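[1] Coordinates only, no sequence provided:
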């Protein structure tokens with residue numbers, strides 16, 4: 001796969017198609033340009049990081065971490 005650009009249009013195409021497009025005026029460009037323009041499929045979720053207090057027992061700390069991890073994967 002190659003990333004090609006012509007003006008403001010950026011496309012990600014297979015190698016053979018890219019070679020044909022280069023001959024017709026397109027130019028190679030870095031992949032990060034294509035990544036910055038494409039819409040992301042999954043919205044980036046911010047995971048709440050709760051401050052685990054020193055007052056809690058080890059068992060409760062583990063339970064909180066486990067609950068936070070479960071919440072993180074439920075939203076995906």
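    On my side now, so go ahead. Worth saying up front: this structure is predicted, and the values here are computed from it rather than measured.

[2] From here on, just use CA atoms for contacts and neighbour counts.
    Will do.

[3] what's the nearest residue to residue 31 if we skip its chain neighbours?
    In space, and not counting its chain neighbours, residue 31 is closest to residue 3: 5.8 Å by CA to CA, 6 or more residues apart in numbering.

[4] which residue ranges form the strands in the protein?
    Along the chain, counting by DSSP state E, strands occupy 2-6, 9-13, 27-28.

[5] To residue 67, which of these lies closest?
    Taking CA to CA, strand 9-13 is the member of the strands of the chain nearest to residue 67, at 39.8 Å.

[6] List the buried residues in the closest one.
    Across strand 9-13, burial judged by 16 or more other CA atoms under 10 Å covers 10, 11, 12.

[7] Let me have those in a markdown table, extended by pLDDT and distance to residue 35.
    Shown next, in a markdown table, are those (pLDDT from 0 to 100; distance: CA to CA, whole Å):
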| residue | pLDDT | distance to residue 35 |
| --- | --- | --- |
| 10 | 93 | 10 |
| 11 | 93 | 10 |
| 12 | 93 | 10 |
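
[8] Name the nearest of those residues relative to residue 31.
    Within those, the smallest distance to residue 31 is 8.2 Å, found for residue 12 (CA to CA).

[9] thinking again about what came up before, export the strands of the chain as JSON lines, with columns for distance to residue 70.
    Below are the strands of the chain laid out as JSON lines (distance: least, CA to CA, whole Å):
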{"stretch": "strand 2-6", "distance to residue 70": "37"}
{"stretch": "strand 9-13", "distance to residue 70": "35"}
{"stretch": "strand 27-28", "distance to residue 70": "43"}
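
[10] Out of those strands, the one nearest residue 66 is which?
    strand 9-13 (39.8 Å).

[11] who's in contact with the closest one?
    1, 2, 3, 4, 5, 33, 34 (CA atoms under 8 Å, 6 or more residues apart in numbering).

[12] quick one, longest helix in this structure?
    Identified as the longest helix of the chain according to DSSP state H is helix 58-74.
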